[in-house]
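Engineer: Mind folding the following:
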Amino acid sequence: MEKEKMTLNKKIFINVINICLLCFALWLLFRSIDIKYSIINIVTFICLLLFISQFKKLYWFLFFPIIIFLSLYLPIGLKFGFITSDYLITLYSTNTAESTGFLSKISIKYFLYSLYLLFYFGFWGKVFVNKNNLKINNKLILVVCFIGSALFIPNLVFFKELYFATKNAIIELNDFRENINKNDWNIVSVKNQYKNYVLIIGESGSKFYHGMYNYKPDTTPFLSHVNGTVIDGMFSPATRTVPSLIRFLTLQENFKPKYNLNLVDLINDAGFTSYWISNQNYVGKHATPITSIGLKSNYSFFQKMIDAETTTDYDLLGKFKEYLQLSRKNDRNFFVVHLLDPHPYEVCDVLERYERFNFPTKYTKDYRNINCYNQIINFEDKLIRDIYNKLKETNESFSIIYFSDHGIKARNFKNKNSELMHSDEQEGYHIPLIKMSSDDTSREVIKINKTGLFFTNGVATWLGIETTNIKQKYDLFSNIPFDNEEEITHIKKVKSLPLQPVIENTNLQLDN
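Structural biologist: Residues are numbered from 1 along each chain as shown. The predicted structure follows:
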């Protein structure tokens, strides 16, 4: 009797442990593919698992391969969230070195979780699948498990979303390949106000961490005080570099980019000499859409082709000065300076490279990633200041626009070890936008919502280009709302998303 009691207690203990291990596996699985971790979802998944476990081939040839796929995806899902077509387009446009850097930023514990999920369901298959200790002979219980399975399956929208994300990414990339070499601009007239125009494109530059929008500490002392026009309320078209800049740098129609009507072709056709200076990656496995647009410029320089490991955005200043000198003989010039350093997954690594410029760098235990990011934004501000001053030294008229491709958010922002990451919530869309011109005599801050969907239209207005292709003129720096349904819809969508507070660290002393 005592022996039977001990055996029963042992079985109960083992079952309790197994239930705990299963619940942990489900917590990981649900979190990585955005399923709510609730009692009903746990119970219905267990029903699914029990039902599938009655059929050996169904478990090993359908269920377990799905588990293998989800185990591989789990570290990315836990770190970066739900997959979208923007993710896939960005992945397509990422080179091996950047992919390695991307994966290196994922905590080792997420890879251990991945192995745990794989080994747990492998263990389950060996011990329970089609075995007597889990065989359901009662037809009523089997029907109940089948019904529970049917109730859980609608939660697996991940696979539906993955299908449509892949389909949309393929459609967009095919559209890019078919149209990038076409040019359908029809220029009517050009009445440029300035000789030199400079478009500075920031990387992951959140409006909320720019001092020009009252963030403390003041990370942007130059931009916070320079004469010009600041837009407070600019939204990016997307939350990742490639899908966002595709839309910034092409004419849009029904939220779709028209590669045959891209910004650089517009500039060239309007008689400007174009210069593209970039610290972004030159190519991935294939030429990125952004690279392909940049290469259409009369002169192009991609710093990553020379040195991807030790250079910074500040190194672009030398090439800008060289091209500026080259441009003196031209009547119309257009420069693009494409930055990289505030990329959220490597800010502290990049910060070490700035030490050779005698910029003070500080590493603090608390909010280290935020401090590194703030300091790089501060160094970007110095770079913009130096570009501005180089243009002034020419005694030629000029105008500069600075904006960023998308924003960022702090993951677990209440935690002092908070990490920076891409975000599909409001933080991912809020970006800075400022225009500074040689004839500005005052500073104006305009609070108005605008979107990068019509950025190419706005650049055409800035440059004084009139074309039959643009049906609605768009002034990026007007205080009058743009009466366009696409812009209104995009703004409403962004403003409906959650928004977390910003992390202010007044202990960080920046050398301004």
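Engineer: Name the SS class of residue 67, please.
Structural biologist: Of the three states, residue 67 takes helix under DSSP: H, G, I helix; E, B strand; the rest coil.
Engineer: What's the local residue count around the closest residue to it other than its chain neighbours?
Structural biologist: With CB to CB, 6 or more residues apart in numbering as the criterion, residue 67 has its nearest non-adjacent residue at 4.6 Å, and that residue is residue 121. Placement of C-beta: from N, CA and C, glycine included. Residues lying near residue 121 (other CB atoms under 10 Å) number 23.
Engineer: where in the stretch 201-350 of the chain is pLDDT low?
Structural biologist: Flagging of the stretch 201-350 of the chain using pLDDT under 70 yields the residue ranges 281-287, 305-308.
Engineer: now do the chain
Structural biologist: 1-11, 80-105, 132-133, 281-287, 305-308, 362-364, 412-415, 505-512.
Engineer: re the thing from before, next one: phi and psi at the residue nearest to residue 67?
Structural biologist: Main-chain torsions, residue 121, degrees, to the nearest 10: phi -70, psi -20.
Engineer: Could you check how far it is from residue 26?
Structural biologist: Residue 121 sits 11 Å away from residue 26, going by CB to CB, to the nearest Å.
Engineer: Equivalent analysis for residue 489, please.
Structural biologist: Look at residue 489 and residue 26: by CB to CB, they are 37 Å apart.
Engineer: Which strand or helix spans the spatially closest residue to residue 296 that is not a sequence neighbour?
Structural biologist: Distances taken as CB to CB, 6+ apart place residue 264 nearest to residue 296, at 4.2 Å, with adjacent residues excluded. If you go by DSSP states H and E, residue 264 is part of helix 263-269.
Engineer: before we move on, what about residue 403?
Structural biologist: strand 398-404.
Engineer: That strand pairs with which strands, and in what direction?
Structural biologist: strand 196-202 (parallel), strand 433-437 (antiparallel) (DSSP bridges).
Engineer: re the thing from before, I'd assumed residue 297 was in contact with the residue nearest to residue 296.
Structural biologist: Yes. Look at residue 264 against residue 297 with CB atoms under 8 Å: they come within range, at 5.5 Å.
Engineer: overlap in contacts of the two?
Structural biologist: 274, 276, 336 (CB atoms under 8 Å, 6 or more residues apart in numbering).
Engineer: Name the next helix or strand downstream of the helix or strand hosting residue 326, please.
Structural biologist: Assigned by DSSP H and E, residue 326 belongs to helix 316-326. Toward the C-terminus, helix 316-326 is succeeded by strand 333-338 as the next helix or strand (DSSP H and E).
Engineer: can you list the residues that contact that next one?
Structural biologist: The contact list for strand 333-338, computed with CB under 8 Å, 6+ apart, reads 195-201, 203, 264, 267, 272-280, 290, 294, 297, 316, 320, 323-324, 327, 387, 463.
Engineer: and if you look at stretch 213-230?
Structural biologist: With contact meaning CB under 8 Å, 6+ apart, stretch 213-230 is reached by 207-212, 232, 374-375, 377-378, 381-382, 384-385, 388, 402, 432-437, 440-446, 477, 502, 504-506, 508-510, 512.
Engineer: Of all the residues in it, which ones are buried?
Structural biologist: Using 16 or more other CB atoms under 10 Å as the test for burial, stretch 213-230 gives 213, 215, 217-224, 226, 228-230.
Engineer: How far away from the center of its chain is it?
Structural biologist: In terms of CA atoms, centre = their mean, to the nearest Å, the centre of stretch 213-230 is found 24 Å from the chain centre.
Engineer: Report the backbone C-alpha coordinates of that stretch in CSV.
Structural biologist: Only the C-alpha atoms of stretch 213-230 are listed here, as CSV (Å, rounded to 0.1, in the frame of the first residue of the first chain):
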residue,chain,number,x,y,z
TYR,A,213,11.6,69.3,-29.5
ASN,A,214,12.4,70.1,-25.9
TYR,A,215,14.0,66.8,-24.9
LYS,A,216,16.3,67.0,-22.0
PRO,A,217,19.3,66.9,-22.1
ASP,A,218,19.5,69.1,-25.3
THR,A,219,20.9,66.6,-27.7
THR,A,220,20.7,69.1,-30.7
PRO,A,221,22.0,72.5,-29.5
PHE,A,222,22.6,73.6,-33.1
LEU,A,223,19.2,72.5,-34.5
SER,A,224,17.5,73.8,-31.3
HIS,A,225,18.6,77.4,-32.1
VAL,A,226,19.4,77.8,-35.8
ASN,A,227,17.1,80.1,-37.9
GLY,A,228,14.7,78.1,-40.0
THR,A,229,11.3,76.2,-39.9
VAL,A,230,10.7,73.2,-37.6
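Engineer: In CSV, list the shared contacts of residue 264 and residue 297 along with distance to residue 134 and neighbour count.
Structural biologist: Converted to CSV, the shared contacts of residue 264 and residue 297 look like this (distance: CB to CB, whole Å; neighbours: other CB atoms under 10 Å):
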residue, distance to residue 134, neighbour count
274, 68, 23
276, 63, 24
336, 63, 22
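Engineer: Reformat the residues you listed as CSV; add distance to residue 352.
Structural biologist: Output for those, formatted as CSV (distance: CB to CB, whole Å):
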residue, distance to residue 352
274, 34
276, 27
336, 27
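Engineer: quick one: contacts for the closest residue to residue 423 other than its chain neighbours?
Structural biologist: Sequence neighbours aside, residue 409 is the residue nearest to residue 423 in space, at 3.8 Å (criterion: CB to CB, 6+ apart). Contacts for residue 409 (CB under 8 Å, 6+ apart) come out as 206, 420, 421, 422, 423, 425, 427, 428, 500.
Engineer: could you pull out the helices for the stretch 251-400 of the chain?
Structural biologist: For the stretch 251-400 of the chain, helices defined by DSSP state H, counting those that start in this stretch occupy the ranges 263-269, 289-294, 316-326, 347-351, 368-393.
Engineer: Tell me which of these lies nearest to residue 238.
Structural biologist: Of all the helices of the stretch 251-400 of the chain, helix 289-294 sits nearest to residue 238, with 12.3 Å by CB to CB.
Engineer: Which strands or helices does that closest one pack on?
Structural biologist: helix 241-248, helix 263-269, strand 299-302, strand 333-338 (3 or more CB pairs under 8 Å, 6 or more residues apart in numbering; DSSP states H and E).
Engineer: got those as JSON lines, with distance to residue 125 columns?
Structural biologist: Shown next, in JSON lines, are the helices and strands packed on helix 289-294 (distance: least, CB to CB, whole Å):
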{"stretch": "helix 241-248", "distance to residue 125": "39"}
{"stretch": "helix 263-269", "distance to residue 125": "54"}
{"stretch": "strand 299-302", "distance to residue 125": "50"}
{"stretch": "strand 333-338", "distance to residue 125": "50"}
